[in-house]
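1. Let's see this in three dimensions:
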Amino acid sequence: MQNLYLTIVLAPLFGAIVAGLFGRFISRSVAHGVTIAGVALSTVLSLYVFKHIAIDGGEIFNGTVYTWMVSDGIRFEVGFLIDPLSAMMMAVVTFVSLMVHIYTIGYMHDDPGYKRFFSYISLFTFSMLMLVMSNNFMQLFFGWEAVGLVSYLLIGFWFKRPSAIFANLKAFLVNRVGDFGFLLGIAAVLMYFNSLDYADVFKAAPLMADMTIQVIPGVEWSLMTVICILLFIGAMGKSAQVPLHVWLPDSMEGPTPISALIHAATMVTAGIFMVARMSPLYELSTTALGVVLVIGAITALFMGILGIIQNDIKRVVAYSTLSQLGYMTVALGASAYAAGVFHLMTHAFFKALLFLAAGSVIIGMHHEQDIRKMGGIKKYMPITYWTMLIGSLALIGFPGFAGFFSKDAIIEAVHLSNTPGAGFAYFSVLIGVFITAFYSFRMFFLVFHGEERMDEHTREHLHETPWVVTGPLIALAIPSIFIGALFIGSMLFGDFFGDAIYVSHERDVLGHLGEHFHGWFSFVLHGLTGPAFYLAMAGVGAAWFLYLKRPEIPEMIKERAGVLYTILDRKYGFDDFNEKVIAAGSRALGRLLWQVGDVKAIDGFVVNGAAKSVEWFSGVVRHVQTGFLYHYAFAMFVGLFVLIALFVF
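-> Numbering: from 1, shown residues only. Prediction:
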């Protein structure tokens, strides 16, 4: 089995190397052929592993592939842990990546960086697989940083655009903040557990549950709380939680396929996966769970509100990603790890579908992204219309669609949770249902219904996109409908994850919820009577009324909103604070250090000071060299006298 797992990881890497290093020597068809073949092979093998491990209950693999270094008895290894959690992640990552690869043939057809793009997205897939398959913190950190690096390359793929360069630097720097906390968390694990292996750390964790440390002298902190919060800071960066969320909307500067890959199956889900994997640690700290819960609730509610005022089709979907990541984080904080990971899985399919459908619209609209310049394109792009409708219904949690099962489970789990902050979180995720439905169908109605607002040239050439674009849409639409019903029983209320996820008995909200579960159909019927369904329908109805029936009302509201609209338009001031305080302050500090440290201290005192000292000393010493013989004889006499005096006395 080890060779099979190596093949899953290395096949995308091989394609990335061929397309990247030998791109100038091969044709476009070879470049996309070898990368798609590599990812397709990984997908087939990952689905086999998923069936073998998760469905058939096959033997879990936990082993070392390569020992990189042994230092002071601590082993730094490359190894795989293949259990139901990682098997599910492998299947999702590779399948969505395969759809994105195929879609890219159509979307990037005329781009001069075609082969380079295929190399990057294949490398992205390799990096994410290394992350989710790891059995130790060192390999986890490698995958963590690798997806960050490749996302930097992909967000700034069109590197001649200043906005793209700004966006990828922003993503890179914000993630450095999160990764600093993440690295400190790993360092704390290594310091106190003397191991980086998951199994060793999880086994020893209960013995250290009551251990305290002094981060600040004289103040005792729980070791588990410190470790878990530091690790979660890393997750806040990767999974874009407030306040480290600011990079995600700007990542839309990259091509649409990478938006789908980043937002659906890779990078942003890394933090959710990591916290679920670390559940044996988080269950030992109520404080850490409370922090996770509140941060997730704030993100779910307030980032969703920003989606209401967006006019760029990709940014609307991007803010929905932020909000849905908040839902997943809330589930983790409520100890409903399985519900968070289940929503991660369903969200991967319908969010990839929404991004790729948005890209299909952009292609049809000749790369126009402003939804105010669209309208009535249903009759021109029927496949895109129906697949985007499926994705939107899944996103808002319409009963029967994939997102309904995972989102409703999170809402119910939070309602039952006694973790500090659960009341606020329940309010946030419940109100978030209305907001999600409103901005999703605002976008849907403005794009596909109503009057046609595009120019005449665009209207004349508007048509459905080719099969390499619509094919992945159809393939992603199928799981967006059915996968929730297929797996809700086993993933949420069964023993699907086994020992991969640990939940303490007093926090087992899903176990309590499962006592009332009687199959997916009864879950749907129950959902029809719950507040979430009515809030979602209210959101759809409000969007229809305001943007199709009475489109003049939103403009009136915007004019009268005044300060409130300004606050939303400026994204609550996070970007202003980062640019005017953090960035400007850093630049000012840099200039100060340059003037004081570099110019005055190093150049002025050390370098130039040393030169001037030598010049002065040499000016004094050269007067000794007079050229007169009797001066030298006198100096020799004095020197001889001094030596004799030292010898005698």
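
2. what's the average pLDDT for the host helix or strand of residue 230?
-> Under the criterion DSSP states H and E, the helix or strand holding residue 230 is helix 223-238. Averaging the model's pLDDT scores along helix 223-238 yields 94.

3. From the chain's centroid, how far away is that helix?
-> Mean-position distance between helix 223-238 and its chain equals 15 Å (Cα atoms, centre = their mean, to the nearest Å).

4. neighbouring contacts of the helix or strand just after that helix?
-> Sequence-wise, the next helix or strand downstream of helix 223-238 (DSSP H and E) is helix 247-250. Outside helix 247-250, the residues that touch it by Cβ atoms under 8 Å, 6 or more residues apart in numbering are 155, 166-167, 170-171, 174-175, 240, 263, 268, 315, 318-319, 321-322, 571. All C-beta atoms are positioned from the backbone trio N, CA, C, and that covers glycine.

5. what's downstream of helix 247-250, the next helix or strand?
-> helix 256-260.

6. Let me know the average pLDDT across that next one.
-> 85.

7. Off-centre distance for it?
-> Distance, stretch centre to chain centre, for helix 256-260: 13 Å (Cα atoms, centre = their mean).

8. Stretch 376-395 now?
-> Centroid displacement of stretch 376-395 relative to its chain, using Cα atoms, centre = their mean, is 27 Å.

9. In three-state terms, label the residue lying closest to residue 209 once chain neighbours are set aside for me.
-> In this structure, residue 209 finds its nearest non-sequential neighbour in residue 284, 4.6 Å apart by Cβ to Cβ, 6 or more residues apart in numbering. Residue 284 falls in the coil class when you classify it by DSSP: H, G, I helix; E, B strand; the rest coil.

10. burial count for residue 284?
-> By other Cβ atoms under 10 Å, 22 other residues sit near residue 284.

11. That one contacts residue 205, doesn't it?
-> Yes - the pair residue 284 / residue 205 is scored as a contact, 6.1 Å apart, by Cβ atoms under 8 Å.

12. Show the contacting residues for the residue nearest to residue 209.
-> 205, 206, 209, 224, 228.

13. What backbone torsions are found at it?
-> phi -90, psi 0 (degrees, to the nearest 10).

14. State the pLDDT value of it.
-> Here, the pLDDT recorded for residue 284 equals 93.

15. Stretch 290-301: how far from the chain's middle?
-> With Cα atoms, centre = their mean as the basis, stretch 290-301 stands 16 Å off its chain's centre.

16. meant to ask about stretch 69-76, not that
-> On Cα atoms, centre = their mean, the centre of stretch 69-76 falls 30 Å from that of its chain.

17. Could you tell me the end-to-end distance of it?
-> 5 Å (Cα to Cα, to the nearest Å).

18. buried ones in that stretch?
-> Of all the residues in stretch 69-76, those buried under the rule 16 or more other Cβ atoms under 10 Å are 75, 76.

19. contacting residues around it?
-> Residues lying outside stretch 69-76 but in contact with it, judged by Cβ under 8 Å, 6+ apart, are 64, 67, 68, 138, 190, 194, 195, 196, 197.

20. Mark which of these are part of strands, please.
-> 64, 67, 68 (DSSP state E).

21. Next one: the closest residue to the last one other than its chain neighbours relative to residue 2, how far apart?
-> Think residue 68. Nearest non-adjacent residue to residue 68, counting by Cβ to Cβ, 6+ apart: residue 76, 4.7 Å away. For residue 76, the distance to residue 2 equals 19 Å [Cβ to Cβ, to the nearest Å].

22. May I ask which of the ones in strands among the contacts of stretch 69-76 has the most neighbours?
-> When neighbours are taken as other Cβ under 10 Å, the top entry among these is residue 64 (14 neighbours).

23. Just list whatever residues bridge to that residue.
-> Using DSSP bridges, the beta-bridge partners of residue 64 come out as residue 79.

24. wait, isn't it in contact with residue 81?
-> No - shown here, residue 64 and residue 81 do not form a contact pair, counting by Cβ under 8 Å, at 10.6 Å.

25. Need the overlap of contacts for the two.
-> Overlap of the contact sets of residue 64 and residue 81 (by Cβ under 8 Å, 6+ apart) consists of residue 135.

26. is it true that residue 158 touches residue 256?
-> No - between residue 158 and residue 256 there is no contact under Cβ under 8 Å: 11.8 Å.

27. between these two, which one's more packed in?
-> Set side by side, residue 158 and residue 256 show more neighbours around residue 256, with 27 against 15, by other Cβ under 10 Å.

28. In three-state terms, label the residue positioned nearest the centre of the chain for me.
-> With distances taken as Cα atoms, centre = their mean, residue 268 lies nearest the centre of the chain, 2.0 Å away. Using three-state DSSP, the three-state assignment for residue 268 comes out as coil.

29. phi, psi of it?
-> Backbone torsions for residue 268, taken as degrees, to the nearest 10, come to phi -70, psi -20.

30. Which pLDDT does the model give residue 121?
-> 93.

31. wait, what's in contact with it?
-> Applying Cβ under 8 Å, 6+ apart to residue 121 gives the contacts 35, 97, 100, 101, 104, 154, 257, 258, 261.

32. give me that answer again for 7 Å
-> 100, 101, 104, 257, 258, 261 (Cβ atoms under 7 Å, 6 or more residues apart in numbering).

33. Is it possible to get JSON lines of the contacts of residue 284 that adds distance to residue 295 and neighbour count?
-> Below are the contacts of residue 284 laid out as JSON lines (distance: Cβ to Cβ, whole Å; neighbours: other Cβ atoms under 10 Å):
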{"residue": "205", "distance to residue 295": "22", "neighbour count": "22"}
{"residue": "206", "distance to residue 295": "26", "neighbour count": "12"}
{"residue": "209", "distance to residue 295": "23", "neighbour count": "13"}
{"residue": "224", "distance to residue 295": "18", "neighbour count": "25"}
{"residue": "228", "distance to residue 295": "13", "neighbour count": "25"}
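
34. Good, wrapping up.
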